[in-house]
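Student: coordinates for the following, if possible.
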Amino acid sequence: MMTNLFSSFDPSSSFNLSLNWLSIFLGLMFIPPAFWLIPSRHHFFWNKIIMTLHNEFKMLLGNSIKGSTLIFIALFSMILFNNFLGLFPYIFTGTSHLIMTLALALPLWLSFMIYGWLNNTTHMLAHLVPQGTPPILMPFMVIIESISNVIRPGTLAVRLAANMIAGHLLMTLLGNTGPSASMIILWVLLIVQILLIILESAVAIIQSYVFAILSTLYSSEVN
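Tutor: Coordinates of the predicted model:
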């Protein structure tokens, strides 16, 4: 029984421990067999996705260190599996909590900033003033660009968590009205819930892609 609207996002379990956080590692049970067993349709499909992402990230990163696309592919895979697993009943959605999304976004952004300011200081300073800015507006542009750089990990984390929470909350609200609804309304609710699950599946893919592609763009700016 839910004590409040957000209790469906509570990480505590019946053992009074946060064991539900272990659900973020369930993806490790699905990916390795696809590469070690006899190649299947799942293997070819997942390999096609990885190669498409690799080519896109490689184009965005330009002349960077070989293998640098792997971290972004791994990031995409982890978020995608967590988003999808959260759509199944009684499986905890780790990406709906800011503590996890910030743990993914903040170290990435911090490492990009440290690397950029230590190795490409002139390039990073040039980014603070867009080309063609009038001299009188330069101090304001430096402040605006600095603020936009600082809030990047926050926007990445909040975007992912908010999109995961919004759909789950809507499905929870509609599901709670089911027991007291008439048969006609129940059928309407069932159709709406199916459509919402399809929408949430699309959101799970899109948000993991957006998180990975924005991280790639942020890293390409420091080179």
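
Student: quick one: low-confidence parts of the chain?
Tutor: For the chain, residues meeting the criterion pLDDT under 70 lie at 1-19, 31-38, 63-64, 223.

Student: and the helices in this structure?
Tutor: Using DSSP state H, the helices found in the chain span residues 27-36, 41-61, 69-85, 98-119, 121-127, 138-150, 152-176, 183-220.

Student: of those, flag the one that's most buried.
Tutor: Among the helices of the chain, helix 69-85 has the highest mean neighbour count (mean count of other C-beta atoms under 10 Å), at a mean of 20. Placement of C-beta: from N, CA and C, glycine included.

Student: gap between it and the chain center?
Tutor: Distance, stretch centre to chain centre, for helix 69-85: 8 Å (C-alpha atoms, centre = their mean, to the nearest Å).

Student: what's the angle from it to helix 98-119?
Tutor: Relative orientation of helix 69-85 and helix 98-119, computed by axes from the mean of the first three to the mean of the last three C-alpha atoms, to 10 degrees: 170 degrees.

Student: tabulate the helices of the chain (CSV), appending distance to Ile91.
Tutor: Formatted as CSV, the helices of the chain follow (distance: least, C-beta to C-beta, whole Å):
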stretch, distance to Ile91
helix 27-36, 12
helix 41-61, 20
helix 69-85, 5
helix 98-119, 14
helix 121-127, 41
helix 138-150, 34
helix 152-176, 11
helix 183-220, 13
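
Student: which one of these lies closest to Phe92?
Tutor: For Phe92, the closest of the helices of the chain is helix 69-85, at 8.3 Å, according to C-beta to C-beta.

Student: who touches that closest one?
Tutor: Here helix 69-85 makes contact (C-beta atoms under 8 Å, 6 or more residues apart in numbering) with 23-24, 26-27, 30-31, 50, 53-54, 57-58, 61, 91, 93-95, 104, 108, 160, 164, 201, 203-205, 207-209, 211-212, 215-216.

Student: can you rerun that using 6 Å?
Tutor: Residues outside helix 69-85 that contact it (C-beta atoms under 6 Å, 6 or more residues apart in numbering) are 24, 26-27, 50, 53-54, 57-58, 91, 94-95, 204, 208, 211-212, 216.

Student: now do stretch 180-189
Tutor: 174, 178.

Student: output it as CSV, restricted to C-alpha atoms.
Tutor: Taking Å, rounded to 0.1, in the frame of the first residue of the first chain, the C-alpha atoms of stretch 180-189 are listed here in CSV:
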residue,chain,number,x,y,z
SER,A,180,-13.0,1.9,-8.3
ALA,A,181,-13.8,2.3,-12.0
SER,A,182,-16.6,0.8,-14.0
MET,A,183,-16.1,-1.7,-16.7
ILE,A,184,-16.2,0.8,-19.6
ILE,A,185,-13.8,3.2,-17.9
LEU,A,186,-11.6,0.2,-17.0
TRP,A,187,-11.2,-0.7,-20.7
VAL,A,188,-10.4,2.9,-21.5
LEU,A,189,-7.8,2.9,-18.8
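
Student: can you say which two of the contacts of helix 69-85 are spatially most distant?
Tutor: Most distant of these, by C-beta to C-beta, are Lys58 and Ile91, 33.4 Å apart.
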